[in-house]
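Visitor: Let's see this in three dimensions:
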Amino acid sequence: MAEQLTHASGSQQLLEIRDSSDVAEARRLATRVASGADFSEVEAGNIALVATELATNLLKHANHGRIIVRVLQQSKKAGLELIALDQGPGISDLAQSMRDGYSTAGSPGTGLGAVNRLASEFDIHSLPDKGTAVLARLWFDRTSQPANPEIEFGIVCLPMPGQEVSGDDWRVESLAGKSICTLADGLGHGADAAIAARAAVETALKYRDKAPAEIVERAHGALRSTRGAALAVGEIDPAKKLLRFCGVGNIAAIILTNGGIRHLVSYNGIVGHEARKIAEFTYPWSPDSLLIMHSDGLGTRWDLRTYPALMQRHPALVAGVLFRDFWRGRDDVTVLAARENGFYSQ
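Guide: Presented below is the predicted three-dimensional model:
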């Protein structure tokens, strides 16, 4: 069954693909989400076709996989994002798999080429014996597609199995040439954790013109009536080539570049209850920098160097692959990846 979350950036749902009935459910889920987002009949049909092809590929080529669906909202423009993830044998010939009309999976014969053609944004990453990740975003209508933001990001935010809502929350905001990435993990799970995380994110939104340390200080006061949360705020300033960061609690934050890895400093504590030290740090930022922030629902023993070319893919695929391979499975999980727009190669 799909589980629905509500975010500042729209709803996100997860569907396991294990048999042919799940392929049909993927189509129904995509159609249902499209209907709820007021897409036209033609637009909903395109979404259903993309979901069917992605789900069929997961089942036939990998025997099992997941599809994550997220409603997109930007500058009053609506869209839908589908991320298909599997741990199958991978695709040996990406160029052939992308040829329009090519299909070995017994699908409608549209192939990934048609998914690419229908999508406003498309990206794919595949490695032998590690699996494949596919991103398809459909913006409506295309003639007035939203302008590209300076920072492109990808997100996976899902609840612990058995919970209806996630105790994590997030927000990405652009303001005067800067982008503010916020991730909060409410203490525990369920509705009360979600209330705390949402309060932290709403505080970050309210004070988004302030420095990250002041945002966290404000949240520390605002969350006193809640169970508290871990909170991390990163402000990316491409013009100054800087990232300002403040974190309290167990949210991991890393900057990766072609030259190495830098772990960002967070202090122990719970925002809203006990935060003995709140301090801000400044780090160098470059056009090839990739920021990754994640809650403790994701394991920490990952290394993107073992995924050739993944750093050059869309941030949504980075977030999806990390979720696919390192989700602990017993906690809420959020993975946020962000970089300067236009860096990844299409």
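Visitor: For stretch 246-259, give the mean pLDDT please.
Guide: Averaging pLDDT along stretch 246-259 yields 95.
Visitor: Between its first and last residues, how far does that stretch reach?
Guide: By C-alpha to C-alpha, to the nearest Å, the extent of stretch 246-259 from end to end equals 23 Å.
Visitor: Look at the residue lying farthest from the centre of the chain and report its pLDDT.
Guide: The C-alpha centroid of the chain is most remote from Arg276, which lies 30.8 Å away (C-alpha atoms, centre = their mean). pLDDT, Arg276: 90.
Visitor: got any ranges where the chain has weak pLDDT?
Guide: Within the chain, the stretches with pLDDT under 70 are 1-11, 75-76, 99-110, 141-148, 342-346.
Visitor: centroid residue for the protein?
Guide: Centroid-nearest residue in the chain, with C-alpha atoms, centre = their mean: Ile155, separated by 1.1 Å.
Visitor: what are the bridge partners for the spatially closest residue to Asn341 that is not a sequence neighbour, then?
Guide: Among residues not flanking Asn341 along the chain, Glu152 sits closest, at 4.3 Å (C-beta to C-beta, 6 or more residues apart in numbering). All C-beta atoms are positioned from the backbone trio N, CA, C, and that covers glycine. Going by DSSP bridges, Glu152 is paired in beta bridges with Arg339.
Visitor: circling back: I'd say the residue farthest from the centre of the chain and Gly269 touch.
Guide: Yes: using C-beta atoms under 8 Å, Arg276 makes contact with Gly269 at a distance of 6.1 Å.
Visitor: Quick check: chain neighbours aside, which residue is closest to Gly272?
Guide: Leaving aside its sequence neighbours, Gly272 sits nearest to Leu223 (C-beta to C-beta, 6+ apart; 2.8 Å).
Visitor: now the strands: where do they sit in the stretch 151-300 of the chain?
Guide: 151-158, 168-175, 178-186, 229-237, 242-248, 252-257, 260-263, 281-284, 290-294 (DSSP state E, counting those that start in this stretch).
Visitor: Buried residues, the second one. List them.
Guide: Yep, that's strand 168-175 we're talking about. The neighbour-count check on strand 168-175 (16 or more other C-beta atoms under 10 Å) flags Asp168, Asp169, Trp170, Arg171, Val172, Glu173 as buried.
Visitor: Bridged to the second one, which residues?
Guide: Think Asp169. Here Asp169, judged by DSSP bridges, has bridge partners Ala184.
Visitor: so who does the closest residue to Ser179 other than its chain neighbours touch?
Guide: Take Ser179 and drop its neighbours on the chain: the residue closest to it by C-beta to C-beta, 6+ apart is Ile151, 3.8 Å away. Counting by C-beta atoms under 8 Å, 6 or more residues apart in numbering, Ile151 touches Val172, Ser174, Ser179, Ile236, Pro238, Ala338, Arg339, Glu340, Asn341.
Visitor: Can you give me the separation between Ile151 and Pro89?
Guide: 34 Å (C-beta to C-beta, to the nearest Å).
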